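J.: Below: sequence and its predicted model.
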2 protein chains.
Amino acid sequence: MRIGVIGYGTIGKRIADAVRLQEDMELVGVVKPTPDYQALAAARKGIPVYAYDEKSLRLYEEKGLPVEGTMMDLLEKIDVAIDASPGGKGAENKKLYEEKGLRQIYQGGEKSWVAEASYNSLCNHDAVIGARSLRVVSCNTTGLLRLLCSLDKYFGVEKARVTIIRRAADPRELWRGPVNTVSWKNLGPSHHEEDARTVKPGLDLIVTSIVAPTTLAHIQIHDIKLRETPGRDELIEKLASTPRILLLDTSAYRLNGTGAIIELARDLGRSRNDLPENLVLMDSIRMEHGWLRIIQVVHQESIVIPENIDAVRAMMGKKLEETLPVTDKTLGLLHGVLDAALLAKK
Amino acid sequence: MRIGVIGYGTIGKRIADAVRLQEDMELVGVVKPTPDYQALAAARKGIPVYAYDEKSLRLYEEKGLPVEGTMMDLLEKIDVAIDASPGGKGAENKKLYEEKGLRQIYQGGEKSWVAEASYNSLCNHDAVIGARSLRVVSCNTTGLLRLLCSLDKYFGVEKARVTIIRRAADPRELWRGPVNTVSWKNLGPSHHEEDARTVKPGLDLIVTSIVAPTTLAHIQIHDIKLRETPGRDELIEKLASTPRILLLDTSAYRLNGTGAIIELARDLGRSRNDLPENLVLMDSIRMEHGWLRIIQVVHQESIVIPENIDAVRAMMGKKLEETLPVTDKTLGLLHGVLDAALLAKK
């Protein structure tokens, strides 16, 4: 599949890198309107960069940055447009993609009607095979669905009550606040509830989302009513066997905060300190009166990247078992309980 | 040279990685008292870890983390001890190193008497060749000296007046504040002044250091009275020819803050988003009435790493020209004006 990535910010640049690691995909180019430092780094990597229009093309040329043409040039050369432009812009781009007969992948910043279906690998991959357009749900919804769909498969999920402590901005988003207040947009139904139901209809879910002035990661505190009530060991064993779920014993390894978890990613040599796994904090797990209390950390910059790659393969007609192991291997994802033995495996 | 790194925190773990990239050095092991997540990541890399004492050895064994012995075992096997333990602890360790007849390198957290000389590659390398103990000055002093010694060589430095906006803590230091105040320790002479003079005696320097609640990098605002007053182009040309100085055109590439600069490091694939170069903000440079105004960013976690490697080679009797190019090549350091042409070189 010949892939173009439209939009080269937090998500787009990571998708581009991930596509380049897949043997069955070719990254034809990325569209980046502004020749900023991210375009400079893309040039260093040899990623073919396309400007947005003639005006942005000239900005590239003025800076002596390599540029292959404009977005319209790129659209002529690809089979799949992965749109990672700012929320709402994808819907605007849709008519261009349709005119060119392209398959389309969108991100969670778009409304769900932009694509035939919303998508999460662990929830509904096999149901969307062959789709011509898919929408990968947002970072928090992706983290939430990976956990809830897996628990539902193992034990049945009756309902979930979730508090999210959101990071306020990504590290590069110098313009976003708040700096020094804990805040919220609304305290009624969070958009994550409806978003999760676009992938898993009927899910009984309440989410409250509170913003903390930090850039590192989201924290999700779940209370989940399960149909069957496993023992703690059985629960951990099941989660440890689940792809894209990495269990951290935070008290044993002093991982007492998102800063330490991101530092671990740096020490492990992860590209851009990315952690696309659900980071389940093992010592938070409590099972009382049929309710599971469990906390996970979601790295907002990278968690949706594996799902974007799987979504391309869903369009190629590949089943989950034909894409997920390949994606996880090429991206170096871990699952299981993080300890010396797990790390020695790779 | 057989090297042991004593202390495996922010600085120690980076020195260990850097030593492993040198053909003329062998990393025999590192000493890390606490088996936290950093020890886990060291195990993943195959770095031989030594506990501090018998008690800490047992903590490793309980967690199933590979451990080679205790600090005393490591000291038997090495020629050079690079001490990167918390400030003040190096001086305590000194008598052990002396007993074993080891050469010693200390960090800037130690008092200057701990070693025969304080050290910066661009200032006094050739004067300390053959030393048996050296102290690499702290991050801010290193950044400051690289710039001032280079300018002194090119144009003569009469005096320097500097304001440092310090990062409050390293990303992993969850326990350090402040969270939401701009603060200072003292407004009289900063320790950087005396520290810089341990390397460059007689330097006329005033430094005020203000702490900002961030973890990313220091910012140094310099006003420097030069003996000769070059034009802006000549100044930039000289700085661009200086190793370990990377000039950033921040307005051209939207690098408007430490967050963007660290994001650039992530995009460039730098290990742990490290930037051991002095990051001189080119658009800050102004030359008026014989005074140079110039601003640079100092990445506190990594800037002293090249200096530690050069310090080992000073002890091996190598001249600056025999170490600096090797260090910079193995660590992937850049110098010059950052643009597409510079990045294409490597």
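T.: Received, thanks.
J.: If you count neighbours, what's buried in the helix with the most length in chain A?
T.: Assignment by DSSP state H gives helix A:139-155 as the longest helix of chain A. By neighbour count with 16 or more other Cβ atoms under 10 Å in any protein chain shown, helix A:139-155 contains the buried residues A:139-152, A:154-155. For the C-beta atoms, the positions are set from N, CA and C on the backbone; glycine is no exception.
J.: cool, and stretch A:277-295?
T.: Per 16+ other Cβ under 10 Å, stretch A:277-295 contains these buried residues: A:277, A:278, A:279, A:280, A:281, A:282, A:285, A:287, A:291, A:292, A:294, A:295.
J.: Might you calculate how far that stretch sits from the centre of the chain?
T.: 21 Å (Cα atoms, centre = their mean, to the nearest Å).
J.: can you tell if that stretch touches chain B?
T.: No - using Cβ under 8 Å from any Cβ of the partner chain, we find that stretch A:277-295 stays clear of chain B, coming within 12.0 Å at best.
J.: Return the residues of the stretch 1-150 of chain A in contact with chain B.
T.: Checking the stretch 1-150 of chain A against chain B by Cβ under 8 Å from any Cβ, the hits are A:13, A:34-38, A:40-45, A:63-66.
J.: Point out where chain A drops to low pLDDT.
T.: Where chain A drops to pLDDT under 70, the residues are A:346.
J.: Ramachandran angles for the most centrally placed residue in it?
T.: Compute the mean C-alpha point of chain A, and by Cα atoms, centre = their mean the closest residue is residue A:304, 1.2 Å away. Backbone torsions of residue A:304, given as degrees, to the nearest 10, read phi -80, psi 0.
J.: nearest residue to the residue of the stretch 151-300 of chain A found nearest chain B other than its sequence neighbours?
T.: Relative to chain B, the nearest point of the stretch 151-300 of chain A is residue A:267 (3.5 Å; Cβ to the nearest Cβ). What sits nearest to residue A:267 in space, not counting adjacent residues and going by Cβ to Cβ, 6 or more residues apart in numbering or on different chains, is residue B:41, at 3.5 Å.
J.: got a list of what that neighbour touches?
T.: A:264, A:267, A:268, A:343, B:13 (Cβ atoms under 8 Å, 6 or more residues apart in numbering or on different chains).
J.: buried ones in the helix or strand containing it?
T.: Following DSSP states H and E, one finds residue B:41 within helix B:37-45. For helix B:37-45, burial by neighbour count (16+ other Cβ under 10 Å) applies to B:37, B:38, B:39, B:40, B:41, B:42, B:43, B:44.
J.: ok, the second one to residue B:337 distance?
T.: Spelled out, that is residue B:38. Distance of residue B:38 to residue B:337, computed by Cβ to Cβ, to the nearest Å: 36 Å.
J.: Check the buried residues of helix A:139-155 against residue A:206 and report the nearest one.
T.: Using Cβ to Cβ, residue A:144 is the member of the buried residues of helix A:139-155 that lies nearest residue A:206, at 11.7 Å.
J.: quick one, domains of chain A?
T.: According to automatic domain parsing, chain A comprises the domains A:2-137+A:304-331, A:139-303+A:332-345.
J.: can you list the residues of the stretch 151-300 of chain A near chain B?
T.: A:171-174, A:180, A:215, A:252-257, A:259-260, A:262-264, A:266-269, A:271-273.
J.: just the buried members of those residues?
T.: Buried among those (16+ other Cβ under 10 Å): A:171-173, A:215, A:252-255, A:257, A:259-260, A:262-264, A:266-268, A:272-273.
J.: With adjacent residues omitted, what lies nearest to residue A:326?
T.: That would be residue A:22: by Cβ to Cβ, 6+ apart, it lies 7.4 Å from residue A:326.
J.: so that neighbour touches residue A:328, yeah?
T.: No - applying Cβ atoms under 8 Å, one finds residue A:22 not in contact with residue A:328, separated by 11.9 Å.
J.: hang on, isn't residue A:320 packed against residue A:120?
T.: No - judged on Cβ under 8 Å, residue A:320 makes no contact with residue A:120 at a distance of 10.8 Å.
J.: Look at the two and report which has more neighbours.
T.: Remark: of residue A:320 and residue A:120, residue A:120 carries more neighbours, 26 against 17, as counted by other Cβ atoms under 10 Å in any protein chain shown.
J.: I'd like to know how far the more buried one sits from residue A:324.
T.: Taking Cβ to Cβ, one finds residue A:120 at 12 Å from residue A:324.
J.: coming back round to it: so how far is chain B from the residue nearest to the centre of chain A?
T.: 17 Å (Cβ to the nearest Cβ, to the nearest Å).
J.: Contact partners for that residue?
T.: Residue A:304 is in contact with A:11, A:107, A:108, A:136, A:137, A:138, A:139, A:142, A:276, counting by Cβ under 8 Å, 6+ apart.
J.: Can you select the buried ones among those for me in PyMOL?
T.: Selection of buried members from the contacts of residue A:304 for PyMOL, criterion 16+ other Cβ under 10 Å:
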select buried, chain A and resi 11+107+108+136+137+138+139+142+276
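J.: which one of the contacts of residue A:304 sits closest to chain B?
T.: Closest to chain B, out of all of the contacts of residue A:304 and judged by Cβ to the nearest Cβ, is residue A:11, at 13.4 Å.
J.: check contacts around the residue nearest to that closest one when sequence neighbours are not counted.
T.: Of all residues not flanking residue A:11 in the chain, residue A:84 sits nearest, at 4.4 Å (Cβ to Cβ, 6+ apart). By Cβ under 8 Å, 6+ apart, the residues touching residue A:84 are A:5, A:6, A:7, A:8, A:9, A:11, A:12, A:15, A:107.
J.: repeat that for 10 Å
T.: Shown in contact with residue A:84 (Cβ atoms under 10 Å, 6 or more residues apart in numbering or on different chains): A:5-16, A:30-31, A:90, A:105-107, A:109, A:136, A:304, A:308.
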